[in-house]
Structure formats: structure tokens, C-alpha cells
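In: Sequence first, then the predicted structure:
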Amino acid sequence: MISETWALQATLRFVAFSVFIQSLEMIAIRSNWQEAGPWAWSRIRQEFRPFGAAFFWVLDRLLQYRGYFSLIVVQTTLCVSCMLFPDLRLAPPIFILVFLGCLRWRGAFNGGSDYMTVLVLLALSVAACFGGGKITSYALGYIGMQVVASYFVAGLVKIKQAEWRSGHALRVFLGSSLGQTSPWVRILLSRQSFSFYAAWAVMLFELFSPAILILGRNFTFLFFWISAAFLFHLANAFTLGLNRFVWAWLAGYFGLIHLISLLNLGPP
């Protein structure tokens, strides 16, 4: 049985690091969401008027350029504090700031990775607001379940599509990457057999991910499963530029390890 404190502190540190990276990215591209940029607040602010005058007034001041930049600075500071001194009480304010960021971008700036970040922070915030003890343990377990579910659902969606079963979807997906796909990846993608087997490897890994809840009692199996999952996200970051996914899911792995302990399947 792993220490709940260890799992909690590791989750706090890595989700804080994930949000820290997101904050730096937002600062780096701030020219795009300034008033003169294509993502200026003035272009979308009217969409929030139906939520009421008071709510609109608050958002209008928080999410315009100066207000949002200030929120990101505060968010970055809190994340650094949480990385150095992981404290569950830091989760709610970080969650609120990230949630406001999601409102600013009308959902999520980077899709699934941002949703996973919000989910982890929400679970930790619930634990912080309702005390420690079993609530914290269940919050970590919930994060672990969401990690497994995220892989399984992704695999289920893929295997229903003939394009994924043939490997064609993987070739198109990687070939149309916004990032600079390396030449050796393009060479591999030109071979239909490679894309076919690679697509099935991804789908089978995702579909059989729930097995980790049973087989994870074996430390060696758990270590290699998490390593494979982590390398999968690293490969996506390398070929597609999806760097946020690496840290968002890494923050959830410690909840998964704790979940396996909760299920009394033996020490991981």
C-alpha cells in the first residue's frame, strides 16, 4: 500500500507543473490575445451577456487583456508555490483560475489535456473543501478512474471507425500535423503496414487499459504500463506538438497508483 500523502503530494506537484507550463505558453503568445490580436476579448465578450449583467461585468474585467494577464501571473505564482510546497489548500484557487481561463477560451485552449487538468484540479479542490481523510483518498481514486476511462473511451471511439482499423486515419492524422513531423516519421508513415500495426497497437493499448486495475498489483507490470503510456504521450508531443498531454496525464498517474491500492489488489 503506497502512502496517500505521497500520492497526493505527487499529484499536486505535477498538476501544478502542468498548469505552470500552460501559463508560460499563454504569456509567450500574449500578442495573439491582446486587443489588437486575433483572439482579443472584445471579439467574444458579447457571448457572455446572456449569463446576466453582474456575471458579465465581472468577466468583462477579469478576462480583458490586463485582467487576464494578471490572472495568469497569479496562477503562475501559485503553481510555483505548489510545486515547491504541495498543499491541498492551493488546489481550489488554481482550479478557479484555470476555470476562468477555460471561459476565456470558450471551453478549452488545448482540448483534452486542458479538460484532464481541470478534472484533476476539481477532484483535489473537492477534497480540500470537504476536509481530508477518506475524501482525499476517494478524490485520488476518482482521478485514477478518469485516467483509465480516458484511454478506454478513446480506444472505443477509434475501433468503431474503419479508417482507424485500416491505419489510414493514423497516416492522415500524423501527416496533417501542425507541427514539423520528422522525416523518419514521414518515411514510416509512407508504409501502409506500419500505420496499420501502429494504429492497432494504440487501439489495443487503450481498449485493454482497464486491465491495469487488476494486473497493476504487480509492480513490474504497473511500471511498464505507466512507462508505455508516458512514452505514448511523449511520442504525440514529438510528432504532433501535443506537449500539454504529457504533463496533464502524468499528474493523473499517481491517482491511478493510489486507486490500485484502494482496491486492495496488493502494493503496486
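Out: Structure's in. What do you need?
In: Assign A36 to helix, strand or coil.
Out: Secondary structure, DSSP: H, G, I helix; E, B strand; the rest coil: A36 is coil.
In: what about it, neighbour count?
Out: Number of residues near A36 (other CB atoms under 10 Å) recorded here: 9. Quick note: C-beta positions are derived from backbone N, CA and C, even for glycine.
In: just R66 next, same as before
Out: Counted with other CB under 10 Å, residues neighbouring R66 total 11.
In: Quick check: the nearest residue to L24 once chain neighbours are set aside vs L62, distance?
Out: Leaving aside its chain neighbours, L24 sits nearest to T76 (7.3 Å; criterion: CB to CB, 6 or more residues apart in numbering). With distances taken as CB to CB, to the nearest Å, T76 is found 16 Å from L62.
In: before we move on, back to that, what's downstream of the helix or strand where the residue nearest to L24 lies, the next helix or strand?
Out: Secondary structure assigned from DSSP states H and E places T76 in helix 65-84. The first helix or strand that comes after helix 65-84 along the chain, using DSSP H and E, is helix 91-104.
In: Any regions of the stretch 51-200 of the chain where pLDDT drops low?
Out: For the stretch 51-200 of the chain, applying pLDDT under 70 flags the ranges 132, 174-190.
In: At which residues are the helices of the stretch 51-200 of the chain located?
Out: For the stretch 51-200 of the chain, the helices defined by DSSP state H, counting those that start in this stretch cover 53-62, 65-84, 91-104, 112-129, 134-159, 162-166, 168-175, 183-189, 192-207.
In: Identify, out of those helices, the most deeply packed stretch.
Out: Across the helices of the stretch 51-200 of the chain, averaging neighbours per residue (mean count of other CB atoms under 10 Å) puts helix 112-129 on top, at a mean of 22.
In: ok, residues contacting that one?
Out: With contacts defined as CB atoms under 8 Å, 6 or more residues apart in numbering, helix 112-129 is touched by 8, 11-12, 15, 18-19, 22, 88-89, 91-92, 94-95, 98-99, 102, 108, 135-136, 138-140, 142-143, 146, 150, 242, 244-245, 247-249, 251-252, 255.
In: quick one, that helix and helix 91-104 angle?
Out: Helix 112-129 and helix 91-104 are oriented at 140 degrees to each other (axes from the mean of the first three to the mean of the last three CA atoms, to 10 degrees).
In: Without its sequence neighbours, what residue ends up closest to I143?
Out: Nearest to I143 is G255, by CB to CB, 6+ apart, at 3.1 Å.
In: oh sorry, the question was meant for Y253
Out: Per CB to CB, 6+ apart, closest to Y253 is I226, 5.5 Å.
In: do you know how far that neighbour is from Y138?
Out: Distance, I226 to Y138, by CB to CB: 21 Å.
In: Make JSON lines from the helices of the stretch 51-200 of the chain and add distance to T220 to it.
Out: As requested, those are exported to JSON lines (distance: least, CB to CB, whole Å):
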{"stretch": "helix 53-62", "distance to T220": "49"}
{"stretch": "helix 65-84", "distance to T220": "30"}
{"stretch": "helix 91-104", "distance to T220": "32"}
{"stretch": "helix 112-129", "distance to T220": "26"}
{"stretch": "helix 134-159", "distance to T220": "19"}
{"stretch": "helix 162-166", "distance to T220": "30"}
{"stretch": "helix 168-175", "distance to T220": "29"}
{"stretch": "helix 183-189", "distance to T220": "29"}
{"stretch": "helix 192-207", "distance to T220": "17"}
